[in-house]
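**Student:** Quick one, what's the 3D model for this:
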Amino acid sequence: MARRSRNKRDSRTRRNNKIDSRSKRNRNSTAPGRRYRDEQHRQEALARRRERKKERYWGEPDYRQRLLDENHRFRASRRERCETDPDYREKVRARSRERYRENHLKTKYGISLADYEAMLRRQGGVCGICKRKPGKRRLCVDHDHKTGQVRGLLCGRCNSGNGFYQDDPRLTRAATAYLERAHRRARRQSAARGGRARAGAGSPAPASPARRKRTRSSGRGSAAVAHPGEADARGACPPCSPDRVALRAET
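**Tutor:** Numbers count the residues shown, from 1 in each chain. Alright, predicted model coming up:
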């Protein structure tokens, strides 16, 4: 009798262990399996499981300390491998960048990485306004700041321009008219300068006016003495006036 009860207890233990291993395998699987009716049911079950783990983490100090030690050992081993293995380090960095990019798109714009790639293919891989291919930086996600609706992909300059104009089409049309007027005025001025240059190339250069010859003054602050051959304002040469001739004869 005791042997029969022991065998029954062992079979029950093996059956429970088998069920536990199967449920553990299903919990670790991310794809919806037989345990879940659909994707929504799976997400709800995972959310309940996270809540139970959170309650146990804060309610049981031993369980919390065991998880902290496991995380510490995992991070230490990963850090050591990253320092010694360049290929693994580059793989981890690429995966981290991709995960950060996907989380950023999901939290800020509500789209996935597949949605971004689909929009990029629809636009032909270029900016939606200037039609230029992006350089080192990827195209920015343009969205309406009021409604949050995603409108397309733009380069950094076009996206900043929309922000500076406050997404107002009236301001962008006024800026377009202003630039067109400035360009027309610049073309007219350039054409006028070109016409004057062509007209001046065929005519002789104007003669420069004769410069009046001046003599050196006799002293500081004194007026310059005119040449004897030059006439004054009355038409007579100052050194040759009759008064000065008679004065020189008396002396």
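**Student:** Quick check: closest non-adjacent residue to E83.
**Tutor:** Distance criterion CB to CB, 6 or more residues apart in numbering; nearest residue to E83, sequence neighbours excluded, is R89 at 7.6 Å. Any C-beta I mention is one placed from the backbone N, CA and C, and that applies to glycine too.
**Student:** I misspoke; the intended subject was R81.
**Tutor:** Once flanking residues are discounted, R81 sits nearest to Y88: 5.5 Å by CB to CB, 6+ apart.
**Student:** downstream neighbour of the helix or strand containing that neighbour in the secondary structure list?
**Tutor:** Y88 belongs to helix 86-108 when assigned by DSSP states H and E. Moving toward the C-terminus from helix 86-108, the next helix or strand (DSSP H and E) is helix 113-122.
**Student:** got the angle for that following helix vs helix 86-108?
**Tutor:** When axes from the mean of the first three to the mean of the last three CA atoms, to 10 degrees is applied, the directions of helix 113-122 and helix 86-108 differ by 80 degrees.
**Student:** For helix 113-122, buried residues please.
**Tutor:** Buried residues in helix 113-122, defined by neighbour count with 16 or more other CB atoms under 10 Å: 116, 119-120.
**Student:** cool, stretch 97-112 as well?
**Tutor:** Those would be 105, 109, 111, for stretch 97-112 by 16+ other CB under 10 Å.
**Student:** could I get those residues as a markdown table with distance to Y63 and pLDDT?
**Tutor:** Shown next, in a markdown table, are the buried residues of stretch 97-112 (distance: CB to CB, whole Å; pLDDT from 0 to 100):
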| residue | distance to Y63 | pLDDT |
| --- | --- | --- |
| L105 | 35 | 93 |
| Y109 | 38 | 92 |
| I111 | 38 | 92 |
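**Student:** Tabulate those residues in JSON lines, adding columns for distance to R48.
**Tutor:** Shown next, in JSON lines, are the buried residues of stretch 97-112 (distance: CB to CB, whole Å):
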{"residue": "L105", "distance to R48": "28"}
{"residue": "Y109", "distance to R48": "29"}
{"residue": "I111", "distance to R48": "28"}
